[in-house]
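J.: what follows is a protein structure lacking sequence information:
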Ligand SMILES: Cc1cc2nc3c(=O)[nH]c(=O)nc-3n(C[C@H](O)[C@H](O)[C@H](O)COP(=O)(O)OP(=O)(O)OC[C@H]3O[C@@H](n4cnc5c(N)ncnc54)[C@H](O)[C@@H]3O)c2cc1C
Ligand code: FES
């Protein structure tokens, strides 16, 4: 039996449960727990909460750090589940407001193909049919399938979230059918037009894998959530969503500490018994919910001998997903004058997504970027007459491992520049002369703030062997330890990680009642 | 249909297989190495040389004090925070790196002794070869940005504000970068001009680098330009403002003056980058300061902070005209160091929760909107106008 050694004199407090990390997963868990009357201590290494969900100031611009489109909010008469959760926390409607994004996305290709896709299931279907009349039948069937999947998800949610594919087969056959195939395999049942496939797949970047490799369930679930509940953006950026959650958490009796970098998880008889900060302070507890990625949690924070080999293999077996490369741009001109017509524009060099995906493995000019222009829906996100534009692509973080330190700035600048050029050549020829501020963030930047392995922003990839059903679950390496965040459950994205946090706290409560530790 | 289900079972099996064949892993994090080189957080440096640059400025050369720990790379124009402890007061001051970014054997800093200063006189008088100091990693956003700065650059420096430009010019000169630079360098008198020989030499060797010294209080034998850096002098130097990008480094009053001149010239705001070179000497002279506040006014500061498991409270007095962080640092029984870097409101490292009170922040400084709503301030550039209540228990 392993027992950690620590300094008794440095014990500061004892609480039933400690959440490490105030990212969206940690906050989701912490908030859910205080709602259920638990006493919770939340420890965050940074001096602000939110993790990736943050903002930063350059000159007179305050940039949104991560969020493009928040799903699962919905409207007053069609509330999404995230909205209902925020309601229970007392955050909405008074403390936090949302702007609704009128369109789904704009897609632009270098050959001049340029369309804006609407939100809403019917509108989306009609637009696709209008663009690809020859594929009418396939499109209709595809959208019908999406509807059936949604029904299935609702059914499962009503059963507490867990299901065995063999069991739901009769009532909701589509759900198990898409759980083990790739998105390409699913498309093949409905249509073949490369252009159509590329257009429907535009959001593939939100999951980080091309249709040939992504688990169909992961993609279709994302698509129908957006189509049904729309997309929103919080006033005050994601920082205000996070701050409002922290405030609610504190009001409900939770306690949060910043600049508290947890170095070790302490164990007693192989069970969680507390945490130790880098500065030596010790907080004792019965259970830990870790928002730190499972690899770090298990391999660095726990005593190595307590982690079962099976668990180590399990967390290392799936492939680590991409990190991001972003350029945050403040323009000294209104988006109206610049021809930026949508909130979210995907810019593609080609229709073949595999080609774009290959670029994630190179330190070169990307072939697929997304440009988020917030002022459309949120005029005051930057000063009057200016525009906030964020360009993002994905990149494998491990590429940067071999970059010589003295070449770092050079490579960073080259890639950032190429992204501006792509925008210049497609949606905004006048971008350069109107830039007031431009800062780039590399996988190293994302790594630095999140300490996620390889700077991964969605955790492990959701390929067929690692889709929502097969991904790592909430229970962690040892008794009393739970994992939340993009690496677990439904994976990355704002609403998924918050939901994942709630699932983990449910698991914690269940185990507590059953006396599992 | 059954085929799809079989595929799921296959995926499930594949996953199991993948887990079984996975060798027992060991922990490796390659980005940690790079991160540690680019963003080490803090560094320990040792002084190896000290040289006089002028009557009140010295050049310090510093190498890494740790074997096998190279200095962090930086962009020409960045600074480091020099951390010192003077009479039990731990504080830091930003200093631009003057040495070239193309070598990392050492950093060089040019430090001017500010007569009534706290850190610089101490450093100037006491620092000697062999001394070891802690500094931050390179920080700051003043540097050439190829995304939009273009090819024609104008550097405007006031006094010691020349330091970041020296590094930038060395970089351009050493690598023969095809950028055209006009440097306009304002000083009080001839003996205040720093790096004069080097600048003149660079101008001679590189046709793309032009320098001009302007003295505001010259001796009678000065043949160059005199007075302030006005719009006429700028225009005279650069010909036209078209496609030019301007960098201004100097104190806040100098910037507020030049900003107006730029406006008259028709230079758009987005073609100017300004870096505040330290906290203003006299905040009451800064535009926007509430003139009804008496400059000798003192206010009461009360602070909640945490000492191990207990929450403690202290109170002390502070001058309205001094940045809050200085008053905090001087308060010795506050067993707490407020993290900081730029000391000019840029880096957000000093972010602190204010429960009540009113502070003055120069209009040039932007802070996060939500932070304003939730009462966070940057004490390095906040001047207390009323009694202030801070909550440091969060940190
Ligand atoms: C980005 C940047 C780069 C810079 N680069 C350079 C450079 O390359 N070379 C250079 O010479 N300068 C540089 N500066 C300016 C330099 O940092 C200032 O000159 C320096 O801060 C002066 O420090 P000081 O302690 O002497 O004066 P200050 O501390 O600023 O003096 C202000 C007043 O406050 C009082 N005071 C301040 N702190 C305390 C305290 N903790 N306790 C008690 N009393 C206190 C002092 O008594 C004094 O009356 C740079 C500034 C910036 C922002
Ligand atoms: S020290 Fe940089 S904002 Fe205060």
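T.: Now that the structure is in, tell me what you want to look at. No experiment lies behind these values; they were computed from the predicted model shown. Ligands and ions are numbered 1, 2, ... in the order given.

J.: drop to CA atoms for contacts and neighbour counts, all remaining ones
T.: OK.

J.: so what's residue 214 bridging to?
T.: Just so you know, I chose chain A. As for beta bridges, residue A:214 partners with residue A:463 under DSSP bridges.

J.: not what I meant, chain B
T.: residue B:186, residue B:225.

J.: neighbours of it, just the number please.
T.: Look at residue B:214: counted by other C-alpha atoms under 10 Å in any protein chain shown, it has 23 neighbours.

J.: could you list the domains of chain B?
T.: As recorded under automatic domain parsing, the domains making up chain B are B:41-136, B:152-274, B:298-394.

J.: and these: which comes nearest ligand 1?
T.: domain B:41-136 (3.3 Å; C-alpha to the nearest ligand atom).

J.: among the domains of chain B, which comes closest to residue A:64?
T.: domain B:298-394 (10.4 Å; C-alpha to C-alpha).

J.: give the closest residue to residue A:142 in space, chain neighbours not counted.
T.: The shortest distance from residue A:142 to any non-neighbouring residue, by C-alpha to C-alpha, 6 or more residues apart in numbering or on different chains, is to residue A:190 (6.2 Å).

J.: need the three-state assignment for that neighbour.
T.: At residue A:190 the chain is in coil, as set by DSSP: H, G, I helix; E, B strand; the rest coil.

J.: so what's it up against?
T.: Taking C-alpha atoms under 8 Å, 6 or more residues apart in numbering or on different chains, we find residue A:190 in contact with A:138, A:139, A:141, A:142.

J.: could you dump the domains of chain B to CSV with mean pLDDT and distance to residue A:358?
T.: As requested, the domains of chain B are exported to CSV (pLDDT from 0 to 100; distance: least, C-alpha to C-alpha, whole Å):
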stretch, mean pLDDT, distance to residue A:358
domain B:41-136, 93, 30
domain B:152-274, 94, 33
domain B:298-394, 85, 36
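
J.: quick check: the residue of the stretch 301-450 of chain A nearest chain B.
T.: Residue of the stretch 301-450 of chain A nearest chain B, by C-alpha to the nearest C-alpha: residue A:436 (4.4 Å).

J.: A strand includes that residue, no?
T.: Yes - Residue A:436 sits within a strand when classified using three-state DSSP.

J.: surely it meets residue A:333?
T.: No - counting by C-alpha atoms under 8 Å, residue A:436 sits too far from residue A:333 to count as a contact (9.3 Å).

J.: look at these two and report which has more neighbours.
T.: Comparing residue A:436 with residue A:333 by other C-alpha under 10 Å, the one with more neighbours is residue A:436, at 25 against 20.

J.: before we move on, the earlier item: any idea how far residue B:115 is from the spatially closest residue to the residue of the stretch 301-450 of chain A closest to chain B that is not a sequence neighbour?
T.: The shortest distance from residue A:436 to any non-neighbouring residue, by C-alpha to C-alpha, 6+ apart, is to residue B:270 (4.4 Å). The spacing between residue B:270 and residue B:115, counted by C-alpha to C-alpha, to the nearest Å, is 35 Å.

J.: with residue A:514 instead?
T.: According to C-alpha to C-alpha, residue A:514 stands 70 Å off from residue B:115.

J.: and what of residue A:164?
T.: Counting by C-alpha to C-alpha, the gap from residue A:164 to residue B:115 is 76 Å.

J.: my guess is residue A:150 contacts residue A:226, does it?
T.: No - in this structure residue A:150 lies outside contact range of residue A:226 using C-alpha under 8 Å: 11.4 Å.

J.: how is chain A partitioned into domains?
T.: Split into domains by automatic domain parsing, chain A comes to A:8-53+A:239-319+A:464-514, A:118-227, A:322-450.

J.: tell me the most buried of these?
T.: When those are scored by mean count of other C-alpha atoms under 10 Å in any protein chain shown, the highest mean neighbour count falls to domain A:8-53+A:239-319+A:464-514 (a mean of 22).

J.: is any residue of that one near ligand 2?
T.: No - judged by C-alpha under 6 Å from any ligand atom, domain A:8-53+A:239-319+A:464-514 stays clear of ligand 2, getting no closer than 12.5 Å.

J.: roughly how far is that domain from the heart of the chain?
T.: Relative to its chain's centre, domain A:8-53+A:239-319+A:464-514 lies at 17 Å (C-alpha atoms, centre = their mean, to the nearest Å).

J.: find the centremost residue of chain B, please.
T.: Computing the C-alpha centroid of chain B and ranking residues by C-alpha atoms, centre = their mean puts residue B:342 first, at 4.2 Å.

J.: what sits closest to that one if chain neighbours are left out?
T.: Nearest one to residue B:342, counting by C-alpha to C-alpha, 6+ apart, is residue B:94 at 5.8 Å.

J.: for residue A:244, helix, strand, or coil?
T.: Per three-state DSSP, residue A:244 ends up helix.

J.: doesn't residue A:97 make contact with it?
T.: No - counting by C-alpha under 8 Å, residue A:244 stays clear of residue A:97, with 10.6 Å between them.

J.: need the domains of chain B in CSV with distance to residue B:10, can you?
T.: Formatted as CSV, those follow (distance: least, C-alpha to C-alpha, whole Å):
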stretch, distance to residue B:10
domain B:41-136, 47
domain B:152-274, 58
domain B:298-394, 49
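
J.: where is the longest helix in the chain?
T.: In the absence of a named chain, this looks at chain A. The helix that spans the most residues within chain A, counting by DSSP state H, is helix A:136-158.

J.: right idea, wrong chain: chain B
T.: Assignment by DSSP H gives helix B:2-21 as the longest helix of chain B.

J.: near chain A, anything from that one?
T.: Yes - counting by C-alpha under 8 Å from any C-alpha of the partner chain, chain A is contacted by helix B:2-21 at B:4-5, B:7-12, B:14-15, B:18-20.

J.: do stretch B:370-389 as well
T.: Yes - Stretch B:370-389 is in contact with chain A by C-alpha under 8 Å from any C-alpha, via residue B:370.

J.: which parts of that stretch are buried?
T.: Buried residues in stretch B:370-389, counted by 16 or more other C-alpha atoms under 10 Å in any protein chain shown: B:370-371, B:374, B:376-389.

J.: give me the contacts around it.
T.: Under the contact criterion C-alpha under 8 Å, 6+ apart, stretch B:370-389 has outside partners A:236, A:239-240, A:243, B:279, B:293, B:299-304, B:318-326, B:340, B:343-345, B:348, B:350-362, B:367.

J.: ok, back up a step: between residue B:270 and residue B:115, who's got more neighbours?
T.: Taking neighbours as other C-alpha under 10 Å, residue B:270 and residue B:115 compare with residue B:270 leading, 18 against 9.

J.: I figured the more buried one hits residue A:438, correct?
T.: No - using C-alpha under 8 Å, residue B:270 is not in contact with residue A:438, being 11.1 Å away.

J.: okay but residue B:182 is in contact with residue B:209, surely?
T.: Yes - judged on C-alpha under 8 Å, residue B:182 makes contact with residue B:209 at a distance of 6.2 Å.
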